[in-house]
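Asker: sequence first, predicted coordinates after that:
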Amino acid sequence: MSIQWFPGHMTKAKRAIEEQLKAVDMVIECRDARIPIASSNPMIEELIQHKPRLIVLTKRDLAESKITDQWIAHYQEEGILAIALNVLKDNVISSISKGCELAMKPKHERDLKRGIRPRMTRALVVGVPNVGKSTLINRLAHRKVVEVANRPGVTMSLKRIRISDKLEVVDSPGLLWPRFEDQLYGIHLALCSSIKETGYQIDAIAQYGYDFFKEERTEKLLEYYKIESLDDLESFYRVLTTRVGQPEDRGPQLFLRDIQNHAFGPISWEKPDERTA
């Protein structure tokens, strides 16, 4: 199975981010708490270089809390500053402000020793598509300043928003991997709606989801669909489509939609003890 989705505007976005990085002090990198590896674009890592960075694991309410805690501990062990947020409900301004202060503390201390008074911090917000960047910025700004949608490829330009007299953030378009070294990352991004449907085979992604749930979360499917057992994939689709009066060939699409709409509760697709990034 091959998953690729690198539309032309992303090449333009990469160049814009490269230029904007020259004018910012630090980077706020948003990653999806459910898939911290797949949503950590190595291209972003390359662009950031030595800029101070704060990793924000967004959508923590959609991930399993114990596994998210493991990810935060993993980053701490690696000397990386990271926090997890439910961007819609948590105190975003306080959390981001404190995180940025910690990220910039070494630089501010160096500046003070040289007699330079710290100025307002300008932070570039980066991440893959549909990771929650725009929602984060809207919460920071107390108003809708960027469009939000549960689909990739919405933010197309850079916007600068002043949050306080100490912090200004710059939004950027979602930047997806130009190619996936490991197709599993593409699968995870598809499961979390970070790739448009035109970039993958729905049947294959749905089957991966089915295999995952059958192996690790069988009770979730049995409970949600009110069925007694999971025999095989075809039978599962037959039951699923019959219940809603849809043709059987719609089974993969209906099941994948349920996964992407978080029908089965918090799910973490990646764990730090499996692969690290």
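Answerer: Happy to help now that I have it. Residues are numbered from 1 along each chain as shown.
Asker: for residue 58, phi and psi?
Answerer: phi -80, psi 170 (degrees, to the nearest 10).
Asker: could you pull up the contacting residues of the residue lying closest to it once chain neighbours are set aside?
Answerer: Setting aside the residues directly before and after it, residue 58 is nearest to residue 132 in space (CB to CB, 6 or more residues apart in numbering), at 3.5 Å. Where you see a C-beta, it was placed from the backbone N, CA and C, and this is true even at glycine. If you count contacts by CB atoms under 8 Å, 6 or more residues apart in numbering, residue 132 has them with 30, 32, 58, 59, 87.
Asker: measure residue 132 to residue 169 for me?
Answerer: 14 Å (CB to CB, to the nearest Å).
Asker: coming back round to it: any idea how far residue 11 is from the residue nearest to residue 58?
Answerer: Taking CB to CB, one finds residue 132 at 23 Å from residue 11.
Asker: all helices of the stretch 51-200 of the chain, in order?
Answerer: For the stretch 51-200 of the chain, helices defined by DSSP state H, counting those that start in this stretch occupy the ranges 65-77, 92-113, 133-141, 183-191.
Asker: export the ones you listed as CSV, with columns for mean pLDDT.
Answerer: Converted to CSV, the helices of the stretch 51-200 of the chain look like this (pLDDT from 0 to 100):
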stretch, mean pLDDT
helix 65-77, 96
helix 92-113, 93
helix 133-141, 88
helix 183-191, 90
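Asker: residue 51: which of those is closest?
Answerer: Residue 51 lies closest to helix 92-113 among the helices of the stretch 51-200 of the chain, at 9.2 Å (CB to CB).
Asker: now do the buried residues in the closest one.
Answerer: Buried residues in helix 92-113, defined by neighbour count with 16 or more other CB atoms under 10 Å: 92, 95, 96, 97, 99, 100, 103, 104, 107, 108.
Asker: ok, the fourth one touching residue 169?
Answerer: No: proximity of residue 97 to residue 169 does not meet the contact threshold set by CB atoms under 8 Å, at 10.6 Å.
Asker: shared neighbours of these two, anything?
Answerer: In contact with both residue 97 and residue 169: residue 163, using CB under 8 Å, 6+ apart.
Asker: you'd agree residue 44 is up against residue 124?
Answerer: No: using CB under 8 Å, residue 44 is not in contact with residue 124; the gap is 10.1 Å.
Asker: where does the stretch 1-150 of the chain have low pLDDT?
Answerer: Under the criterion pLDDT under 70, the flagged ranges of the stretch 1-150 of the chain are 1-10, 143-150.
Asker: from the buried residues of helix 92-113, pick the one nearest residue 192.
Answerer: Among the buried residues of helix 92-113, residue 92 lies closest to residue 192 (CB to CB), at 20.4 Å.
Asker: how far is stretch 99-116 from where the chain is centred?
Answerer: 29 Å (CA atoms, centre = their mean, to the nearest Å).
Asker: how about stretch 164-171?
Answerer: Distance of stretch 164-171 from its chain centroid, counting by CA atoms, centre = their mean, is 21 Å.
Asker: got the buried residues for that stretch?
Answerer: Going by 16+ other CB under 10 Å, stretch 164-171 has these buried residues: 167, 168, 169, 170, 171.
Asker: what's in contact with it?
Answerer: With CB under 8 Å, 6+ apart, stretch 164-171 has contacts from 20, 24, 28, 93, 96-97, 100-101, 120-125, 133-134, 137, 140, 145-146, 155, 158-163.
Asker: can you select the buried ones among these for me in ChimeraX?
Answerer: What follows is the ChimeraX syntax selecting those of these that are buried according to 16+ other CB under 10 Å:
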select :20,24,28,96,97,100,121,122,123,124,125,133,134,137,140,146,155,158,161,163
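Asker: okay, domains of this structure per the record?
Answerer: 8-171, 183-260 (automatic domain parsing).
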